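Engineer: Quick one, fold the following:
(2 chains)
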There are 2 protein chains.
Amino acid sequence: MSKKRTPDSSPRGRYAYDGLDRTIHERARLGIVASLAAHPEGLSFAELKQLCDLTDGNLARHLQVLEESGLVQSKKGTQEGRPQTVCRLTRAGREQLLSYLAVLETVVADAAAARDESPGKSAGKLRPGWSPGT
Amino acid sequence: MSKKRTPDSSPRGRYAYDGLDRTIHERARLGIVASLAAHPEGLSFAELKQLCDLTDGNLARHLQVLEESGLVQSKKGTQEGRPQTVCRLTRAGREQLLSYLAVLETVVADAAAARDESPGKSAGKLRPGWSPGT
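Structural biologist: The predicted model follows:
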């Protein structure tokens, strides 16, 4: 079996997913960025906390990372006389989310393709020595 | 403006994405798991290294995490007389990837919905005090 088994459609780094920007990819930050993308009018700290189900400390920490990366802008203001911090995606944040989304769509397509492959078909491709069902 | 602005369709934790299993979500491991899902016959260490564009050390470290979590099984054998390690997704690994995939599809739908919303429409929803184009 000297034939190269990796198909030609799988070049070097085919599954490296380089475009999955680490700042956005972190689960909590992905939730923050997605919720802000869905609310272009901005969200208060309290609203973000609720939507992303994060503690004060965690939300503050992740918002700081996102602000330092220029993806999110937060602004202290007042709402009905009470102090309120409102966060919003920056233009750069929106663009970076769109690039991230394009790669994420590839990941979903890759995994969905594997899901839709019939297990019956693939059983015949198992290398010798593998016990089935492990 | 005492009206609650967060829409009823956004309950607590709407963007928490709890199902994004941290073991699979890490970028390098996501690549490893996706490439193994696409190759049910298994992949050698060398093939995985190439497809995921990882160093020996990084691949070994991530494979160890995946094996300890029961998602991947690796087996030392020989190929044409040379020692070869072949890795494969376990049944649990495949199931966990499918659960992960379901949540990922929600993330993509959320972000795509925000992408497809016309920026012109949302401009009118900006809170006062935001300067446009930041």
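
Engineer: any idea of the pLDDT on the residue nearest to the spatial centre of chain A?
Structural biologist: With distances taken as C-alpha atoms, centre = their mean, A:H25 lies nearest the centre of chain A, 4.0 Å away. pLDDT, A:H25: 96.

Engineer: Disregarding residues adjacent in the polypeptide, which is nearest to it?
Structural biologist: B:R27 (6.0 Å; C-beta to C-beta, 6 or more residues apart in numbering or on different chains). Where C-beta positions appear, they are placed from N, C-alpha and C, glycine not excepted.

Engineer: where does that neighbour fall, phi/psi-wise?
Structural biologist: phi -50, psi -50 (degrees, to the nearest 10).

Engineer: so the residue nearest to the centre of chain A makes contact with B:H25?
Structural biologist: Yes. Taking contacts as C-beta atoms under 8 Å, A:H25 lies within contact range of B:H25: 7.4 Å.

Engineer: can you give me the helices in chain A?
Structural biologist: A:22-25, A:27-38, A:45-52, A:56-68, A:91-116, A:119-123 (DSSP state H).

Engineer: So which bits of the shortest one are buried?
Structural biologist: Under the neighbour-count criterion of 16 or more other C-beta atoms under 10 Å in any protein chain shown, helix A:22-25 has A:23-25 buried.

Engineer: So what touches that helix?
Structural biologist: A:29-30, A:33, A:65-66, A:69, A:71, A:96-97, A:100, B:25, B:27 (C-beta atoms under 8 Å, 6 or more residues apart in numbering or on different chains).

Engineer: Let's see that with 6 Å instead.
Structural biologist: Residues outside helix A:22-25 that contact it (C-beta atoms under 6 Å, 6 or more residues apart in numbering or on different chains): A:30, A:33, A:69, A:100, B:27.

Engineer: which of those residues count as buried?
Structural biologist: By 16+ other C-beta under 10 Å, the contacts of helix A:22-25 give A:30, A:33, A:69, A:100, B:27 as buried.

Engineer: pLDDT wise, what is the fourth one at?
Structural biologist: Predicted confidence (pLDDT) at A:Y100: the value is 94.

Engineer: Quick check: it touching A:D21?
Structural biologist: Yes. In this structure, A:Y100 is within contact of A:D21 by C-beta atoms under 6 Å, at 5.2 Å.

Engineer: Please verify my assumption that A:V103 contacts A:D21.
Structural biologist: No. Using C-beta under 6 Å, A:V103 is not in contact with A:D21; the gap is 8.4 Å.

Engineer: Next, show the common contact partners of these two.
Structural biologist: Counting by C-beta under 6 Å, 6+ apart, A:V103 and A:D21 have no shared contacts at all.

Engineer: got a markdown table for the contacts of helix A:22-25, with distance to B:G77 too?
Structural biologist: Formatted as a markdown table, the contacts of helix A:22-25 follow (distance: C-beta to C-beta, whole Å):
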| residue | distance to B:G77 |
| --- | --- |
| A:L30 | 39 |
| A:V33 | 44 |
| A:S69 | 45 |
| A:Y100 | 38 |
| B:R27 | 29 |
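
Engineer: Next, the buried residues of stretch A:78-98.
Structural biologist: So for stretch A:78-98, counting by 16+ other C-beta under 10 Å, buried means A:84-90, A:93-94, A:96-97.
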